[in-house]
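Chemist: Quick check, what structure comes out for this input:
(chains A, B, C and D, ligands or ions: 4)
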Amino acid sequence: MAYSPIVMDHFKNPRNVGEILDADGLGEVGNPVCGDMMSVYIKVVDNRLEDVKFKTFGCGAAIAVSSMITSMAKGKTLEEALKISNADVAEALGGLPPNKLHCSNLGADALHSAIKNYQDRKSGKVKPLSLEIDKEPHVKGTGGGKCYCPYCETKVDDEAHFCMSCGQELPHEHDH
Amino acid sequence: MAYSPIVMDHFKNPRNVGEILDADGLGEVGNPVCGDMMSVYIKVVDNRLEDVKFKTFGCGAAIAVSSMITSMAKGKTLEEALKISNADVAEALGGLPPNKLHCSNLGADALHSAIKNYQDRKSGKVKPLSLEIDKEPHVKGTGGGKCYCPYCETKVDDEAHFCMSCGQELPHEHDH
Amino acid sequence: MPLIYLDHLSATPLHPKVKEAMTQHLETVFGNPSSDNQVGQPAAAALEKARAQVAALINAEPKEVVFTSGGTEANNHALKGVAIGLREKGRHIITSNIEHKSVLNSLRTLRLLDYRVSSLDVDQYGLVDPAAVEKAITPETILISVMLANNEIGTIEPIADIAQIAQKHKIVFHTDAVAATGIIPVDVQKLGVNLLSLAANQFYGPAGVGALYIRKGTPIWPLLDGGLQENKRRAGSENLIGIVGLGAAAEAAAQEMPMNLPRIKALKERLAKGLIAGIPEIKVNGHPEQCLPHLFSASVTYIEGESLMMLLEDEGIIVNTRSACASGSLRASHVLIGTGLDHALAQGTLVFTLGRDTTEAGIDHVLAVMPGIVQTLRDMSPIYKKEHTA
Amino acid sequence: MPLIYLDHLSATPLHPKVKEAMTQHLETVFGNPSSDNQVGQPAAAALEKARAQVAALINAEPKEVVFTSGGTEANNHALKGVAIGLREKGRHIITSNIEHKSVLNSLRTLRLLDYRVSSLDVDQYGLVDPAAVEKAITPETILISVMLANNEIGTIEPIADIAQIAQKHKIVFHTDAVAATGIIPVDVQKLGVNLLSLAANQFYGPAGVGALYIRKGTPIWPLLDGGLQENKRRAGSENLIGIVGLGAAAEAAAQEMPMNLPRIKALKERLAKGLIAGIPEIKVNGHPEQCLPHLFSASVTYIEGESLMMLLEDEGIIVNTRSACASGSLRASHVLIGTGLDHALAQGTLVFTLGRDTTEAGIDHVLAVMPGIVQTLRDMSPIYKKEHTA
Ligand SMILES: Cc1ncc(COP(=O)(O)O)c(C=O)c1O
Ligand SMILES: Cc1ncc(COP(=O)(O)O)c(C=O)c1O
Ligand code: FES
Ligand code: FES
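Modeler: Ligands and ions are numbered 1, 2, ... in the order given. From the prediction side, this is the model:
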């Protein structure tokens, strides 16, 4: 397995699995690239993440990322938590295989989305204390009308299944 | 080696190598396909081939064919000798590899050409007792304007290097 | 605990006879089969022996067997070779939606070169409808390619019927039999195909070695241009060590099939029944009867396949998943989507492929541990919760 | 009498280290490198080790090495891959008249697909003129392919010069280095090429295994379409046993080259001098200095090569001939004709390729017996007579 020992540990013994029924915020993101989903529940006390829990439908990396980011976020202030980046999570996990880096997006996006959901509730934008979803569709931006390799930004062939310039596989119906 | 033991024997110990300086007939053929040549000298007494000798520039099969056909022809009447076919020679040699069958053409053609040369000299068509060459160009007939596989006669591609129908390699600039 | 290896689709261990043949060849022969001398002779003999062994497995003439660097090359050769060979006749090709990537991506390249492709839908079991094939034929059609058995769901296609239609319309017909050859009886005469691809690593031979059956008279251009090897149909110095392995594997497969087939089929039934009984809400993929006897594919709802596969590996069980997450390309399997699965369900798909070394004890271990693992993952899944609270 | 094997061009015996690596791999590893589990892991490790070994031999990045089924596939891939990749940019390709058939016939196929090819003449030594290459460039030119060393006459082409021209005009440059790699130092950085083909069986590795060096950023389409192997550049299950052999051969070649090169070169000199002294009227082919150190090609007037080769074999000496009679296609060598030989002279061409097991005693045996054999055949030849009576 190309996963680091830290990833394997968090995958096999995931921390903070579950839901918080009376959560203050819920973030839920789905990754249309591979059909995975993550829900993050937060309990906020004094602007601090008192509790963080997750449920994840996804690969080993996605589960490890969920476990790691919830562990990292717990106890932090909202501002600190919002600063946790994808790269931080990947680094804390001892690295992720290149084709799994997008799974760390999933984690940070869900956490940030949960915090935003909490803030929106507080400001009255959405109903508080409901488990209604504040879903943020998680779609990679398109190249803007043309057909570009998302890795090296070379213009690519309409029918290309890899970028002839950097050799990277072009995900799905790549953007054009 | 794909050659039969008889071929190997005639190749390594060729019979009737040499020239007949006062030959009654000389046949000389060249195979434009692979740039080989064979000369057959005959001495005729009472309509019979009293002596037959050859010189050959060619592959092992060509040398074995020369040795075999001169051995077969020696002592035969001209009519009998003219009946010796390529297939007879190949058979007497215990078979030839498929891509060497054309070498047996070389042998029969040279012998028949020598006999014809003798007959032409007798009939005064060419000067007798000269070693001047009665060369018969040995060129395979063309398909007649179109592009055909010479093996199975399927119409073939202009640029084809093999026949797509029977899988045979098309010799040289094949005929079209 | 010995490994319980249930991923014979990805790789098979070499058959002892294959190992022996390859090792011996490697130790003793090095010549070039094209060299007409005492060094080339044993090489040429080994090459022709292997060709006869492969021909015997599929009931072909040895001359009709062309060695390739595997199933992918065989498929590329069949499709691109016929496309170029018949480019003057027409530029339309018919295939199905659930072919292997080596077929689909070859066709993608041909599209770039101005060929047109009709790709047929399959039913929920992955079956191609012969009538649909006939309907798709145009005067421009030069080639039909439909696989013999699908490598993800195991469905066996009605190849003989489709071949008959192709024959009627005088269209070249190719079948990708990589997943089937060496596992079930494959007879090119009964199938009536012009071209058939096979690969050694599906039946205990080495990877990266295969063959393309080319029926005499089939108009096909080489894929690898160059020298005169393989009766001028496939250039390049032969991978003789691998080819010797393919030959030995073909012979062993033919010999052992009557013995292996019923045993493996029974083990698969045991696995299927046990999993269906032990795990609620799983969907079996592929055709219930017209299916490879060693392959069982099922989609486990609410969870993702890679994590399931990894937890099974922790129990010493090696299986395959068709989850997008595990695919390298992060795309959902076109085969599963083709049979109508949605993306979430496709994500939870495992493929078990049994082999000659699979035991009842191994299957029972899977049945013992898998339900628990599934439950652990489901308890972690946001969709599981949602479905069950909704 | 032990065989005196002087046909290392057709096949090399496996290096003991190659044998060892392959046998061990064959005994122990069977996984699929793409499988992300404990069975696939050793396979993936073996694959990447071999990639690093090959990269080291030619001074490339491992990521730039793509394994193929030999030199033929590497050449086909380079030419057809760039042709398809850049088809929108242009359809003109430049090459030389003395390339290997795998290059020339690939280009023949591309002609069928509406590409245009300029094939450059060579001089009497087989050298391509870089200035002629530059002159042949048009705005439509997408690819230049000139071999590093010719496999029939040994001439080493001015690749670095041609690569510079290609670079200047922003044209992709490919070199077929099959005959050179593993024999002489080959450095893709110094050469400045985008693509380079090599094959294991030229340097004591297995036949049917090779690699294509693809410089990062080179626009090239796959030849074998399908799965995601080889960083998506070459689909198909890897011939791992063969690849392990290629890797071991690359490492051994790099290690032993400093030792082997001067020794073999000296033996070749001995052979060349001896034959020139012992046989009147023979013509040495190829460039007198810019030549492969292990290859000696000479045309013996008045006789044909296959018969000469066979009589040498009778003396335990294995050589190669470029005679049309022995070629399988019965065509004269395009390389020899390309350097200006007439058909009769081409017919008498022998190619000696020496190897790491070649000894002085072996060479001396050739020198002892060959003049007599030549005389026997000349005495049988109608042209010999004619020239000498005329
Ligand atoms: C110069 C050259 N290119 C290409 C090839 C083809 O290599 P392979 O036989 O490994 O396909 C050869 C083979 O001898 C060669 O000498
Ligand atoms: C149905 C099918 N076709 C083609 C292939 C490709 O074969 P290979 O990996 O030998 O190139 C596979 C490989 O699994 C397959 O299952
Ligand atoms: S969740 Fe799909 S790859 Fe990680
Ligand atoms: S003489 Fe040329 S092949 Fe026999």
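
Chemist: how about the helix or strand of chain A with the lowest mean pLDDT as CSV, C-alpha atoms only?
Modeler: Of all helical and strand segments in chain A, the minimum by mean pLDDT, DSSP states H and E falls on strand A:25-31, at a mean of 89. In CSV, the C-alpha atoms belonging to strand A:25-31 read as follows (Å, rounded to 0.1, in the frame of the first residue of the first chain):
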residue,chain,number,x,y,z
GLY,A,25,-22.7,23.3,12.7
LEU,A,26,-22.7,20.7,10.0
GLY,A,27,-20.6,20.7,6.8
GLU,A,28,-21.2,18.2,4.1
VAL,A,29,-19.3,18.0,0.9
GLY,A,30,-19.4,15.6,-1.9
ASN,A,31,-16.6,15.1,-4.4
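
Chemist: Now do the contacts for C:Asn151.
Modeler: Neighbouring residues of C:Asn151 by CB atoms under 8 Å, 6 or more residues apart in numbering or on different chains: C:9, C:100, C:178-179, C:295. C-betas here are computed from N, CA, C, even on glycine.

Chemist: Now with 7 Å, please.
Modeler: For C:Asn151, the contacting residues are C:9, C:100, C:178-179, by CB atoms under 7 Å, 6 or more residues apart in numbering or on different chains.

Chemist: So of those, which two are at opposite extremes in space?
Modeler: C:Leu9 and C:His100 (11.3 Å; CB to CB).

Chemist: wait, does the helix or strand hosting C:Thr175 contact chain D?
Modeler: Assessed by DSSP states H and E, C:Thr175 sits inside strand C:172-176. No - Strand C:172-176 does not reach chain D (CB under 7 Å from any CB of the partner chain); its nearest approach is 10.7 Å.

Chemist: List the strands paired with that strand, with their directions.
Modeler: Here strand C:172-176 is paired, per DSSP bridges, with strand C:141-145 (parallel), strand C:195-199 (parallel).

Chemist: Can you lay out the contacts of C:Asn151 as a markdown table showing distance to D:Pro139, pLDDT and neighbour count?
Modeler: Output for the contacts of C:Asn151, formatted as a markdown table (distance: CB to CB, whole Å; pLDDT from 0 to 100; neighbours: other CB atoms under 10 Å in any protein chain shown):
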| residue | distance to D:Pro139 | pLDDT | neighbour count |
| --- | --- | --- | --- |
| C:Leu9 | 49 | 95 | 26 |
| C:His100 | 40 | 97 | 24 |
| C:Val178 | 44 | 98 | 29 |
| C:Ala179 | 47 | 98 | 27 |
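
Chemist: Could you report the distance from the closest residue to C:His174 other than its chain neighbours to C:Ala250?
Modeler: Excluding the flanking residues, the one nearest C:His174 by CB to CB, 6 or more residues apart in numbering or on different chains is C:Leu195, at 3.9 Å. Taking CB to CB, to the nearest Å as the measure, C:Leu195 falls 18 Å from C:Ala250.

Chemist: With A:Ala81 instead?
Modeler: From A:Ala81 to C:Ala250 the distance is 61 Å (CB to CB).

Chemist: which of the two has more neighbours?
Modeler: Between A:Ala81 and C:Ala250, counted using other CB atoms under 10 Å in any protein chain shown, the more crowded position is C:Ala250 (29 against 23).

Chemist: The more buried one reaches C:Arg51, doesn't it?
Modeler: No - judged on CB atoms under 7 Å, C:Ala250 makes no contact with C:Arg51 at a distance of 9.8 Å.

Chemist: on that earlier part again, of all the strands paired with strand C:172-176, which one is nearest B:Ser67?
Modeler: strand C:195-199 (45.3 Å).

Chemist: What strands flank the next helix or strand after the closest one, and is each parallel or antiparallel?
Modeler: Per DSSP H and E, the first helix or strand lying C-terminal to strand C:195-199 is strand C:210-214. Using DSSP bridges, strand C:210-214 pairs in its sheet with strand C:65-68 (antiparallel), strand C:195-199 (antiparallel).

Chemist: Next, see if the first one gets close to ligand 1.
Modeler: No - when contact is scored as CB under 6 Å from any ligand atom, no part of strand C:65-68 falls within range of ligand 1; the minimum is 12.7 Å.

Chemist: helix or strand right after that strand?
Modeler: Moving toward the C-terminus from strand C:65-68, the next element (DSSP H and E) is helix C:71-85.

Chemist: which secondary structure elements does that next one contact?
Modeler: helix C:101-112, strand C:141-145, strand C:172-176, strand C:195-199, strand C:210-214 (3 or more CB pairs under 7 Å, 6 or more residues apart in numbering or on different chains; DSSP states H and E).
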